[in-house]
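Student: Any chance you can model this:
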Amino acid sequence: MSTLASSTIAVHAAGKDDQVKQVSEQQKELDAGALFVLKSKGSWVHCGYHLTTSIVAPALLSLPFAFTFLGWAAGILCLVIGALVTFYSYNLLSLVLEHHAQLGRRHLRFRDMANDIMGPRWGRFYVGPIQFMVCYGAVVGCTLLGGQCMKAIYLLSEPNGSMKLYEFVIIFGFLMLILAQIPSFHSLRHINLISLILSLAYSACATAGSIYIGNSSKGPKKDYSLKGDTESRLFGIFNAIAIIATTFGNGIIPEIQATIAPPVKGKMFKGLCICYTVLIMTFFTVAISGYWAFGNESQSLVLSNFLGDGKPLVPRWFILMSNVFTILQLSAVGVVYLQPTNEVLERTFADPNFNEFSARNVIPRVVSRSFSVVIATTIAAMLPFFGDINSVIGAFGFLPLDFVLPVVFFNLTFKPSKRSPIFWLNMTITVVFSAVGVIAAVAAVRQISIDATTYRLFANI
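Tutor: As a prediction, this is how the structure comes out:
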(Lines give C-alpha, C1' and ligand atoms only; values in the text may rest on other atoms or scores of the structure.)
Protein backbone atom coordinates (compact mmCIF):
# COMPACT_ATOMS: atom_id res chain seq x y z
CA MET A 1 0.00 0.00 0.00
CA SER A 2 2.73 2.45 0.93
CA THR A 3 4.67 1.49 -2.23
CA LEU A 4 1.63 2.19 -4.36
CA ALA A 5 1.02 5.56 -2.77
CA SER A 6 4.64 6.63 -2.97
CA SER A 7 4.79 5.79 -6.68
CA THR A 8 1.61 7.66 -7.61
CA ILE A 9 1.57 10.61 -5.25
CA ALA A 10 4.13 13.32 -4.73
CA VAL A 11 4.63 14.01 -1.04
CA HIS A 12 6.75 16.60 0.73
CA ALA A 13 9.63 14.64 2.20
CA ALA A 14 11.29 15.73 5.37
CA GLY A 15 14.34 14.27 7.05
CA LYS A 16 14.17 12.43 10.32
CA ASP A 17 15.81 15.28 12.22
CA ASP A 18 13.39 17.80 10.74
CA GLN A 19 10.38 15.70 11.74
CA VAL A 20 11.65 15.24 15.27
CA LYS A 21 12.25 18.99 15.52
CA GLN A 22 8.74 19.75 14.22
CA VAL A 23 7.16 17.39 16.73
CA SER A 24 9.28 18.87 19.51
CA GLU A 25 7.98 22.32 18.63
CA GLN A 26 4.41 21.03 18.50
CA GLN A 27 4.79 19.46 21.94
CA LYS A 28 5.16 22.92 23.47
CA GLU A 29 1.74 23.92 22.11
CA LEU A 30 -0.16 20.72 22.93
CA ASP A 31 -3.19 20.79 25.20
CA ALA A 32 -3.26 18.58 28.29
CA GLY A 33 -5.25 15.82 26.54
CA ALA A 34 -2.70 15.38 23.78
CA LEU A 35 0.28 15.98 26.06
CA PHE A 36 -0.66 13.56 28.83
CA VAL A 37 -2.84 10.88 27.15
CA LEU A 38 -1.53 10.70 23.57
CA LYS A 39 2.19 10.54 24.24
CA SER A 40 4.26 9.89 21.10
CA LYS A 41 6.79 7.43 22.53
CA GLY A 42 5.89 4.02 21.09
CA SER A 43 7.35 1.81 18.37
CA TRP A 44 5.57 0.06 15.50
CA VAL A 45 5.46 -3.09 17.64
CA HIS A 46 3.58 -1.23 20.39
CA CYS A 47 1.28 0.12 17.67
CA GLY A 48 0.57 -3.48 16.65
CA TYR A 49 -0.41 -4.34 20.24
CA HIS A 50 -2.81 -1.36 20.41
CA LEU A 51 -4.35 -2.17 17.03
CA THR A 52 -4.85 -5.84 17.91
CA THR A 53 -6.55 -5.01 21.20
CA SER A 54 -8.86 -2.47 19.55
CA ILE A 55 -9.89 -4.77 16.65
CA VAL A 56 -9.41 -8.39 17.76
CA ALA A 57 -11.81 -8.12 20.69
CA PRO A 58 -14.47 -10.44 22.18
CA ALA A 59 -17.01 -9.00 19.74
CA LEU A 60 -15.60 -11.64 17.36
CA LEU A 61 -17.43 -14.24 19.48
CA SER A 62 -20.66 -12.93 17.92
CA LEU A 63 -19.58 -13.82 14.37
CA PRO A 64 -21.34 -17.24 14.33
CA PHE A 65 -24.52 -15.38 15.33
CA ALA A 66 -24.07 -13.00 12.37
CA PHE A 67 -23.76 -16.06 10.11
CA THR A 68 -27.25 -17.18 11.16
CA PHE A 69 -28.65 -14.24 9.15
CA LEU A 70 -26.32 -14.75 6.19
CA GLY A 71 -25.63 -18.44 5.73
CA TRP A 72 -22.33 -20.00 4.71
CA ALA A 73 -21.52 -18.30 1.42
CA ALA A 74 -22.64 -14.76 2.29
CA GLY A 75 -21.14 -15.01 5.79
CA ILE A 76 -17.66 -15.95 4.61
CA LEU A 77 -17.86 -13.41 1.76
CA CYS A 78 -18.73 -10.60 4.22
CA LEU A 79 -15.81 -11.62 6.44
CA VAL A 80 -13.37 -11.53 3.52
CA ILE A 81 -14.69 -8.18 2.25
CA GLY A 82 -14.58 -6.72 5.75
CA ALA A 83 -10.96 -7.78 6.20
CA LEU A 84 -9.84 -6.48 2.80
CA VAL A 85 -11.69 -3.15 2.95
CA THR A 86 -10.70 -2.29 6.53
CA PHE A 87 -7.04 -3.20 5.96
CA TYR A 88 -7.09 -1.01 2.84
CA SER A 89 -8.94 1.85 4.57
CA TYR A 90 -6.74 1.83 7.66
CA ASN A 91 -3.66 2.01 5.46
CA LEU A 92 -5.12 4.96 3.53
CA LEU A 93 -5.86 6.72 6.81
CA SER A 94 -2.29 6.08 7.94
CA LEU A 95 -0.90 7.53 4.69
CA VAL A 96 -3.00 10.67 5.13
CA LEU A 97 -1.69 11.05 8.69
CA GLU A 98 1.90 10.53 7.53
CA HIS A 99 1.47 13.10 4.76
CA HIS A 100 0.26 15.81 7.13
CA ALA A 101 2.98 14.93 9.64
CA GLN A 102 5.61 15.47 6.93
CA LEU A 103 4.05 18.87 6.25
CA GLY A 104 4.47 19.78 9.91
CA ARG A 105 0.83 19.24 10.94
CA ARG A 106 0.73 15.96 12.81
CA HIS A 107 -2.87 15.05 13.67
CA LEU A 108 -3.27 13.26 16.97
CA ARG A 109 -7.07 12.86 16.90
CA PHE A 110 -9.72 11.83 14.42
CA ARG A 111 -11.53 15.15 14.76
CA ASP A 112 -8.27 17.02 14.10
CA MET A 113 -8.08 15.26 10.73
CA ALA A 114 -11.68 16.15 9.93
CA ASN A 115 -11.11 19.79 10.93
CA ASP A 116 -8.09 20.10 8.64
CA ILE A 117 -9.38 18.11 5.67
CA MET A 118 -13.15 18.70 5.66
CA GLY A 119 -13.57 21.81 7.79
CA PRO A 120 -14.23 22.54 11.49
CA ARG A 121 -17.96 21.83 11.32
CA TRP A 122 -17.35 18.25 10.18
CA GLY A 123 -14.91 17.67 13.03
CA ARG A 124 -17.04 19.29 15.70
CA PHE A 125 -20.54 18.17 14.75
CA TYR A 126 -20.04 14.89 12.89
CA VAL A 127 -16.73 13.04 13.31
CA GLY A 128 -16.16 14.04 16.95
CA PRO A 129 -19.62 13.02 18.23
CA ILE A 130 -19.70 9.78 16.20
CA GLN A 131 -16.26 8.75 17.41
CA PHE A 132 -17.22 9.48 21.01
CA MET A 133 -20.44 7.45 20.62
CA VAL A 134 -18.55 4.53 19.09
CA CYS A 135 -15.77 4.45 21.67
CA TYR A 136 -17.97 5.01 24.70
CA GLY A 137 -20.48 2.49 23.34
CA ALA A 138 -17.64 -0.02 23.07
CA VAL A 139 -16.81 0.60 26.75
CA VAL A 140 -20.46 -0.06 27.65
CA GLY A 141 -20.46 -3.23 25.53
CA CYS A 142 -17.24 -4.51 27.11
CA THR A 143 -18.59 -3.88 30.61
CA LEU A 144 -21.81 -5.73 29.81
CA LEU A 145 -20.04 -8.67 28.19
CA GLY A 146 -17.61 -8.86 31.11
CA GLY A 147 -20.56 -9.12 33.49
CA GLN A 148 -22.15 -11.85 31.35
CA CYS A 149 -18.92 -13.88 31.39
CA MET A 150 -18.66 -13.50 35.17
CA LYS A 151 -22.25 -14.66 35.54
CA ALA A 152 -21.50 -17.71 33.37
CA ILE A 153 -18.65 -18.66 35.71
CA TYR A 154 -20.90 -18.15 38.74
CA LEU A 155 -23.63 -20.39 37.31
CA LEU A 156 -21.13 -23.21 36.84
CA SER A 157 -20.68 -23.50 40.60
CA GLU A 158 -24.12 -22.19 41.66
CA PRO A 159 -26.69 -23.22 39.02
CA ASN A 160 -29.52 -21.92 41.19
CA GLY A 161 -27.61 -18.91 42.52
CA SER A 162 -29.48 -15.73 43.37
CA MET A 163 -26.98 -13.18 42.06
CA LYS A 164 -28.27 -11.09 39.13
CA LEU A 165 -26.49 -9.98 35.94
CA TYR A 166 -26.33 -6.34 36.97
CA GLU A 167 -24.36 -7.32 40.08
CA PHE A 168 -21.66 -8.92 37.92
CA VAL A 169 -21.66 -5.89 35.63
CA ILE A 170 -20.95 -3.73 38.66
CA ILE A 171 -18.12 -6.04 39.75
CA PHE A 172 -16.54 -5.77 36.30
CA GLY A 173 -17.09 -2.01 36.48
CA PHE A 174 -14.90 -1.88 39.59
CA LEU A 175 -12.08 -3.59 37.64
CA MET A 176 -12.51 -1.00 34.87
CA LEU A 177 -12.48 1.75 37.48
CA ILE A 178 -8.97 0.72 38.54
CA LEU A 179 -7.57 0.24 35.05
CA ALA A 180 -9.03 3.56 33.86
CA GLN A 181 -6.50 5.40 36.05
CA ILE A 182 -3.56 4.25 33.89
CA PRO A 183 -2.32 7.67 32.75
CA SER A 184 -1.63 7.42 29.01
CA PHE A 185 -2.33 5.34 25.91
CA HIS A 186 1.37 4.49 25.66
CA SER A 187 1.27 3.12 29.22
CA LEU A 188 -1.05 0.36 27.99
CA ARG A 189 1.53 -1.24 25.67
CA HIS A 190 2.43 -4.12 28.02
CA ILE A 191 -1.22 -4.73 28.93
CA ASN A 192 -2.06 -4.83 25.22
CA LEU A 193 0.68 -7.38 24.55
CA ILE A 194 -1.00 -9.62 27.13
CA SER A 195 -4.32 -8.76 25.50
CA LEU A 196 -3.00 -9.99 22.13
CA ILE A 197 -2.06 -13.33 23.69
CA LEU A 198 -5.44 -13.56 25.43
CA SER A 199 -7.31 -12.96 22.16
CA LEU A 200 -5.52 -15.95 20.65
CA ALA A 201 -6.27 -17.99 23.79
CA TYR A 202 -10.04 -17.47 24.03
CA SER A 203 -10.44 -17.74 20.25
CA ALA A 204 -8.66 -21.11 20.39
CA CYS A 205 -10.97 -22.12 23.25
CA ALA A 206 -14.07 -21.05 21.31
CA THR A 207 -12.89 -22.94 18.23
CA ALA A 208 -11.88 -26.10 20.11
CA GLY A 209 -15.10 -26.10 22.15
CA SER A 210 -17.24 -25.70 19.03
CA ILE A 211 -15.44 -28.53 17.23
CA TYR A 212 -15.75 -30.77 20.30
CA ILE A 213 -19.49 -30.17 20.64
CA GLY A 214 -20.05 -30.37 16.88
CA ASN A 215 -18.44 -33.82 16.76
CA SER A 216 -20.41 -35.11 19.75
CA SER A 217 -24.06 -35.95 20.21
CA LYS A 218 -24.47 -33.25 22.86
CA GLY A 219 -24.90 -30.29 20.58
CA PRO A 220 -28.02 -29.16 18.70
CA LYS A 221 -28.98 -30.67 15.38
CA LYS A 222 -27.08 -28.85 12.64
CA ASP A 223 -29.49 -26.65 10.70
CA TYR A 224 -28.10 -23.91 8.47
CA SER A 225 -31.41 -22.69 7.05
CA LEU A 226 -32.32 -19.01 7.46
CA LYS A 227 -35.16 -18.37 9.88
CA GLY A 228 -38.10 -16.02 9.46
CA ASP A 229 -40.12 -14.59 6.59
CA THR A 230 -38.68 -12.64 3.65
CA GLU A 231 -38.80 -9.29 5.45
CA SER A 232 -37.09 -10.65 8.56
CA ARG A 233 -34.39 -12.30 6.47
CA LEU A 234 -33.72 -9.11 4.51
CA PHE A 235 -33.35 -6.95 7.59
CA GLY A 236 -31.41 -9.73 9.27
CA ILE A 237 -28.78 -9.55 6.52
CA PHE A 238 -28.11 -5.88 7.18
CA ASN A 239 -28.23 -6.44 10.93
CA ALA A 240 -25.51 -9.08 10.47
CA ILE A 241 -23.47 -6.70 8.31
CA ALA A 242 -23.62 -4.14 11.12
CA ILE A 243 -22.39 -6.77 13.60
CA ILE A 244 -19.49 -7.72 11.31
CA ALA A 245 -18.64 -4.02 10.78
CA THR A 246 -18.49 -3.59 14.55
CA THR A 247 -16.20 -6.60 14.82
CA PHE A 248 -13.76 -5.14 12.27
CA GLY A 249 -14.22 -1.61 13.58
CA ASN A 250 -11.58 0.50 15.21
CA GLY A 251 -12.51 4.18 15.26
CA ILE A 252 -9.24 5.30 16.90
CA ILE A 253 -6.60 4.87 14.18
CA PRO A 254 -5.32 8.49 14.52
CA GLU A 255 -5.08 8.17 18.30
CA ILE A 256 -3.14 4.90 17.96
CA GLN A 257 -0.81 6.40 15.37
CA ALA A 258 -0.35 9.36 17.72
CA THR A 259 1.38 7.02 20.21
CA ILE A 260 4.20 6.31 17.69
CA ALA A 261 7.47 8.19 18.18
CA PRO A 262 8.52 10.26 15.14
CA PRO A 263 9.20 9.68 12.35
CA VAL A 264 5.98 7.73 11.78
CA LYS A 265 6.43 6.77 8.11
CA GLY A 266 5.78 3.07 7.45
CA LYS A 267 5.31 2.12 11.10
CA MET A 268 1.52 1.91 11.02
CA PHE A 269 1.63 -0.55 8.10
CA LYS A 270 3.87 -2.88 10.12
CA GLY A 271 1.54 -2.59 13.10
CA LEU A 272 -1.46 -3.42 10.91
CA CYS A 273 0.36 -6.51 9.61
CA ILE A 274 0.71 -7.77 13.21
CA CYS A 275 -2.95 -7.03 13.87
CA TYR A 276 -4.34 -8.66 10.74
CA THR A 277 -2.21 -11.76 11.17
CA VAL A 278 -3.91 -12.28 14.54
CA LEU A 279 -7.26 -11.25 13.05
CA ILE A 280 -7.18 -13.90 10.32
CA MET A 281 -6.20 -16.56 12.86
CA THR A 282 -9.13 -15.69 15.14
CA PHE A 283 -12.05 -14.27 13.16
CA PHE A 284 -12.29 -17.02 10.56
CA THR A 285 -11.70 -19.95 12.90
CA VAL A 286 -14.30 -18.79 15.45
CA ALA A 287 -16.91 -17.83 12.84
CA ILE A 288 -16.61 -21.02 10.79
CA SER A 289 -16.29 -23.50 13.67
CA GLY A 290 -19.07 -21.85 15.71
CA TYR A 291 -21.56 -21.74 12.86
CA TRP A 292 -20.64 -25.29 11.80
CA ALA A 293 -21.29 -26.62 15.30
CA PHE A 294 -24.46 -24.71 16.19
CA GLY A 295 -25.95 -23.57 12.87
CA ASN A 296 -28.92 -21.24 13.19
CA GLU A 297 -28.97 -21.92 16.94
CA SER A 298 -25.78 -19.89 17.40
CA GLN A 299 -26.26 -17.35 20.16
CA SER A 300 -25.07 -13.73 20.25
CA LEU A 301 -22.05 -14.95 22.23
CA VAL A 302 -20.80 -18.34 21.06
CA LEU A 303 -19.57 -19.25 24.55
CA SER A 304 -23.24 -19.26 25.62
CA ASN A 305 -23.75 -22.26 23.31
CA PHE A 306 -21.39 -24.26 25.51
CA LEU A 307 -24.25 -24.56 27.99
CA GLY A 308 -27.24 -26.60 26.82
CA ASP A 309 -30.34 -26.26 29.01
CA GLY A 310 -28.08 -25.08 31.82
CA LYS A 311 -25.81 -28.12 31.54
CA PRO A 312 -22.24 -27.74 30.26
CA LEU A 313 -21.56 -29.44 26.92
CA VAL A 314 -17.81 -29.25 27.50
CA PRO A 315 -15.83 -29.79 30.73
CA ARG A 316 -16.53 -27.17 33.39
CA TRP A 317 -12.88 -26.21 33.66
CA PHE A 318 -12.88 -25.47 29.92
CA ILE A 319 -15.82 -23.06 30.21
CA LEU A 320 -14.15 -21.45 33.23
CA MET A 321 -10.87 -20.99 31.36
CA SER A 322 -12.56 -19.59 28.23
CA ASN A 323 -14.53 -17.04 30.22
CA VAL A 324 -11.54 -15.98 32.32
CA PHE A 325 -9.49 -15.32 29.17
CA THR A 326 -12.39 -13.32 27.74
CA ILE A 327 -12.92 -11.28 30.91
CA LEU A 328 -9.25 -10.33 31.12
CA GLN A 329 -9.09 -9.21 27.49
CA LEU A 330 -12.36 -7.32 27.80
CA SER A 331 -10.83 -5.19 30.52
CA ALA A 332 -7.94 -4.26 28.20
CA VAL A 333 -10.29 -3.51 25.28
CA GLY A 334 -12.49 -1.35 27.49
CA VAL A 335 -9.53 0.70 28.68
CA VAL A 336 -8.28 1.21 25.10
CA TYR A 337 -11.66 2.58 24.04
CA LEU A 338 -11.71 4.83 27.09
CA GLN A 339 -8.71 6.75 25.75
CA PRO A 340 -10.63 9.24 23.55
CA THR A 341 -12.88 9.99 26.52
CA ASN A 342 -9.84 10.30 28.80
CA GLU A 343 -8.23 12.68 26.31
CA VAL A 344 -11.30 14.93 26.30
CA LEU A 345 -11.50 14.88 30.10
CA GLU A 346 -7.80 15.64 30.44
CA ARG A 347 -8.01 18.51 27.96
CA THR A 348 -10.98 19.93 29.86
CA PHE A 349 -9.83 19.57 33.46
CA ALA A 350 -6.01 19.28 33.44
CA ASP A 351 -3.45 22.06 33.16
CA PRO A 352 -0.47 21.40 30.83
CA ASN A 353 1.60 23.96 32.75
CA PHE A 354 1.66 21.64 35.76
CA ASN A 355 3.36 18.25 36.01
CA GLU A 356 1.25 15.32 34.84
CA PHE A 357 1.41 13.72 38.30
CA SER A 358 0.94 16.87 40.34
CA ALA A 359 -2.05 17.10 42.67
CA ARG A 360 -3.50 19.77 40.36
CA ASN A 361 -3.81 17.18 37.58
CA VAL A 362 -4.10 13.86 39.41
CA ILE A 363 -7.22 14.73 41.45
CA PRO A 364 -9.33 15.90 38.47
CA ARG A 365 -8.08 12.88 36.48
CA VAL A 366 -9.17 10.35 39.10
CA VAL A 367 -12.54 12.00 39.67
CA SER A 368 -13.46 12.53 36.00
CA ARG A 369 -12.31 9.10 34.80
CA SER A 370 -14.06 7.37 37.68
CA PHE A 371 -17.26 9.24 36.86
CA SER A 372 -17.11 8.19 33.19
CA VAL A 373 -16.65 4.52 34.16
CA VAL A 374 -19.54 4.71 36.63
CA ILE A 375 -21.83 6.06 33.90
CA ALA A 376 -20.76 3.33 31.44
CA THR A 377 -21.29 0.63 34.09
CA THR A 378 -24.74 1.98 34.93
CA ILE A 379 -25.80 1.98 31.28
CA ALA A 380 -24.49 -1.59 30.83
CA ALA A 381 -26.39 -2.79 33.90
CA MET A 382 -29.61 -1.05 32.83
CA LEU A 383 -29.58 -2.24 29.17
CA PRO A 384 -28.14 -5.77 29.05
CA PHE A 385 -28.74 -6.52 25.36
CA PHE A 386 -25.29 -7.01 23.86
CA GLY A 387 -26.33 -8.16 20.37
CA ASP A 388 -28.52 -5.12 19.74
CA ILE A 389 -25.93 -2.71 21.11
CA ASN A 390 -23.34 -4.33 18.83
CA SER A 391 -25.37 -3.79 15.65
CA VAL A 392 -26.38 -0.21 16.50
CA ILE A 393 -22.76 0.80 17.16
CA GLY A 394 -21.68 -0.82 13.91
CA ALA A 395 -24.35 0.83 11.79
CA PHE A 396 -24.13 4.36 13.18
CA GLY A 397 -20.44 4.49 14.02
CA PHE A 398 -17.99 1.94 12.68
CA LEU A 399 -19.32 1.85 9.10
CA PRO A 400 -18.83 5.60 8.46
CA LEU A 401 -15.64 5.94 10.54
CA ASP A 402 -13.77 2.88 9.28
CA PHE A 403 -15.18 2.15 5.83
CA VAL A 404 -16.19 5.54 4.37
CA LEU A 405 -14.20 8.41 5.90
CA PRO A 406 -10.68 6.99 5.29
CA VAL A 407 -11.18 6.83 1.51
CA VAL A 408 -12.83 10.27 1.52
CA PHE A 409 -9.88 11.73 3.45
CA PHE A 410 -7.45 10.12 1.02
CA ASN A 411 -9.18 11.50 -2.08
CA LEU A 412 -9.48 14.99 -0.60
CA THR A 413 -5.86 15.03 0.59
CA PHE A 414 -4.03 13.56 -2.40
CA LYS A 415 -6.60 14.31 -5.13
CA PRO A 416 -5.80 11.28 -7.33
CA SER A 417 -6.72 11.56 -10.99
CA LYS A 418 -10.31 10.69 -11.85
CA ARG A 419 -8.89 8.29 -14.40
CA SER A 420 -6.88 6.37 -11.80
CA PRO A 421 -8.07 3.02 -10.37
CA ILE A 422 -7.51 4.31 -6.82
CA PHE A 423 -10.01 7.15 -7.28
CA TRP A 424 -12.76 4.87 -8.58
CA LEU A 425 -12.06 2.15 -6.02
CA ASN A 426 -12.37 4.74 -3.27
CA MET A 427 -15.55 6.18 -4.75
CA THR A 428 -17.05 2.70 -5.01
CA ILE A 429 -16.25 1.98 -1.35
CA THR A 430 -17.74 5.34 -0.34
CA VAL A 431 -21.03 4.84 -2.19
CA VAL A 432 -21.51 1.16 -1.36
CA PHE A 433 -20.73 1.38 2.34
CA SER A 434 -22.64 4.64 2.81
CA ALA A 435 -25.73 2.90 1.44
CA VAL A 436 -25.05 -0.20 3.53
CA GLY A 437 -24.61 1.98 6.62
CA VAL A 438 -27.99 3.70 6.15
CA ILE A 439 -29.82 0.40 5.59
CA ALA A 440 -27.97 -1.30 8.46
CA ALA A 441 -28.95 1.57 10.77
CA VAL A 442 -32.60 1.08 9.85
CA ALA A 443 -32.27 -2.68 10.41
CA ALA A 444 -30.61 -2.17 13.80
CA VAL A 445 -33.30 0.22 15.00
CA ARG A 446 -35.98 -2.16 13.70
CA GLN A 447 -34.43 -5.05 15.65
CA ILE A 448 -34.43 -2.96 18.82
CA SER A 449 -38.11 -2.11 18.33
CA ILE A 450 -38.91 -5.81 17.88
CA ASP A 451 -36.94 -6.79 20.99
CA ALA A 452 -38.40 -3.89 22.97
CA THR A 453 -41.21 -6.14 24.22
CA THR A 454 -38.64 -8.16 26.14
CA TYR A 455 -36.65 -5.18 27.38
CA ARG A 456 -36.63 -4.47 31.07
CA LEU A 457 -34.24 -2.26 32.97
CA PHE A 458 -31.63 -4.26 34.89
CA ALA A 459 -32.94 -7.47 33.29
CA ASN A 460 -31.29 -10.69 34.43
CA ILE A 461 -30.58 -12.32 31.06
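Student: now the longest helix seen in the chain: mean pLDDT?
Tutor: In the chain, taking DSSP state H as the definition, the longest helix is helix 63-102. The predicted model assigns helix 63-102 a mean pLDDT of 94.
Student: Run a quick neighbour tally on Ala258.
Tutor: The number of residues packed near Ala258 is 26, by other C-beta atoms under 10 Å. Heads up, the C-betas are built off the backbone N, CA and C, glycines and all.
Student: ok now stretch 156-173, how far from the chain's centre?
Tutor: If you compare the mean C-alpha spot of stretch 156-173 with that of the full chain, they lie 26 Å apart, counting by C-alpha atoms, centre = their mean, to the nearest Å.
Student: If you count neighbours, what's buried in that stretch?
Tutor: Burial within stretch 156-173, assessed by neighbour count using 16 or more other C-beta atoms under 10 Å, is assigned to Leu156, Lys164, Leu165, Tyr166, Glu167, Phe168, Val169, Ile170, Ile171, Phe172, Gly173.
Student: so which pair among those is furthest apart in space?
Tutor: The span of those, defined through C-beta to C-beta, is set by Leu156 and Gly173 at 21.8 Å.
Student: okay if I get the buried residues of stretch 156-173 as JSON lines plus pLDDT and distance to Gly209?
Tutor: JSON lines is the format used below for the buried residues of stretch 156-173 (pLDDT from 0 to 100; distance: C-beta to C-beta, whole Å):
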{"residue": "Leu156", "pLDDT": "85", "distance to Gly209": "14"}
{"residue": "Lys164", "pLDDT": "91", "distance to Gly209": "26"}
{"residue": "Leu165", "pLDDT": "91", "distance to Gly209": "22"}
{"residue": "Tyr166", "pLDDT": "91", "distance to Gly209": "27"}
{"residue": "Glu167", "pLDDT": "93", "distance to Gly209": "26"}
{"residue": "Phe168", "pLDDT": "95", "distance to Gly209": "21"}
{"residue": "Val169", "pLDDT": "95", "distance to Gly209": "24"}
{"residue": "Ile170", "pLDDT": "95", "distance to Gly209": "28"}
{"residue": "Ile171", "pLDDT": "96", "distance to Gly209": "24"}
{"residue": "Phe172", "pLDDT": "96", "distance to Gly209": "22"}
{"residue": "Gly173", "pLDDT": "95", "distance to Gly209": "28"}
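Student: Can you redo these as JSON lines, where the extra columns are distance to Val45?
Tutor: Rendered in JSON lines, the data for the buried residues of stretch 156-173 read as follows (distance: C-beta to C-beta, whole Å):
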{"residue": "Leu156", "distance to Val45": "37"}
{"residue": "Lys164", "distance to Val45": "42"}
{"residue": "Leu165", "distance to Val45": "38"}
{"residue": "Tyr166", "distance to Val45": "39"}
{"residue": "Glu167", "distance to Val45": "39"}
{"residue": "Phe168", "distance to Val45": "35"}
{"residue": "Val169", "distance to Val45": "34"}
{"residue": "Ile170", "distance to Val45": "36"}
{"residue": "Ile171", "distance to Val45": "33"}
{"residue": "Phe172", "distance to Val45": "29"}
{"residue": "Gly173", "distance to Val45": "31"}
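Student: any idea which of those residues is closest to Val80?
Tutor: Phe172 (33.5 Å).
Student: hmm, back to that, for the buried residues of stretch 156-173, which one is nearest Arg316?
Tutor: Sorting those by how near they are to Arg316, with C-beta to C-beta, puts Leu156 at the top with 5.3 Å.
Student: Excluding covalently adjacent residues, which one is nearest to that closest one?
Tutor: For Leu156, the nearest residue in space outside its immediate sequence neighbours is Arg316; the separation is 5.3 Å by C-beta to C-beta, 6 or more residues apart in numbering.
Student: For the residue lying farthest from the centre of the chain, give me phi and psi.
Tutor: When each C-alpha in the chain is compared with the mean C-alpha position (C-alpha atoms, centre = their mean), Ser217 comes out farthest, at 35.7 Å. Listed backbone geometry of Ser217 is phi -90, psi 0, with angles given as degrees, to the nearest 10.
Student: Any buried residues in the longest helix of the chain, and which?
Tutor: Buried residues in helix 63-102, counted by 16+ other C-beta under 10 Å: 63-71, 74-76, 78-79, 81-83, 85-102.
Student: Mind giving me the packing neighbours of it?
Tutor: On a contact count with 3 or more C-beta pairs under 8 Å, 6 or more residues apart in numbering; DSSP states H and E, helix 63-102 meets helix 2-8, helix 110-118, helix 230-248, helix 253-258, helix 267-294, helix 405-414, helix 421-451.
Student: And Phe385, how far from Ser225?
Tutor: Using C-beta to C-beta, to the nearest Å, we find Phe385 at a distance of 25 Å from Ser225.
Student: Show me which of these two is the more surrounded one.
Tutor: When Phe385 and Ser225 are compared on other C-beta under 10 Å, the one with more neighbours turns out to be Phe385, at 18 against 8.
Student: Leaving out sequence neighbours, find the closest residue to Ile439.
Tutor: Once chain neighbours are set aside, the closest to Ile439 by C-beta to C-beta, 6+ apart is Phe238, at 4.9 Å.
Student: same question, Gln131
Tutor: Closest to Gln131 by C-beta to C-beta, 6+ apart is Phe110, at 5.0 Å.
Student: now Phe398
Tutor: The shortest distance from Phe398 to any residue that is not its chain neighbour, by C-beta to C-beta, 6+ apart, is 3.0 Å, and that residue is Gly249.
Student: how many other residues sit next to that neighbour?
Tutor: Other residues within reach of Gly249, judged by other C-beta under 10 Å, total 24.
Student: For it, give me phi and psi.
Tutor: phi -70, psi 160.
Student: okay but Gly128 is in contact with Ala114, surely?
Tutor: Yes: counting by C-beta atoms under 8 Å, a contact exists between Gly128 and Ala114, whose distance comes to 7.5 Å.
Student: neighbour-wise, which of those two wins?
Tutor: Of the pair Gly128 and Ala114, Ala114 is the one with more neighbours under other C-beta under 10 Å, namely 26 against 19.
Student: Enumerate every residue touching the more buried one.
Tutor: Ala114 is in contact with Trp122, Gly123, Tyr126, Val127, Gly128, Leu405, counting by C-beta atoms under 8 Å, 6 or more residues apart in numbering.
Student: Which ones among the residues you listed map onto strands?
Tutor: Nothing among the contacts of Ala114 maps onto strands, per DSSP state E.
Student: any chance of these in JSON lines, with pLDDT and distance to Ser420 too?
Tutor: Written out in JSON lines, the entries for the contacts of Ala114 read as follows (pLDDT from 0 to 100; distance: C-beta to C-beta, whole Å):
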{"residue": "Trp122", "pLDDT": "90", "distance to Ser420": "25"}
{"residue": "Gly123", "pLDDT": "86", "distance to Ser420": "28"}
{"residue": "Tyr126", "pLDDT": "90", "distance to Ser420": "27"}
{"residue": "Val127", "pLDDT": "91", "distance to Ser420": "26"}
{"residue": "Gly128", "pLDDT": "89", "distance to Ser420": "31"}
{"residue": "Leu405", "pLDDT": "93", "distance to Ser420": "20"}
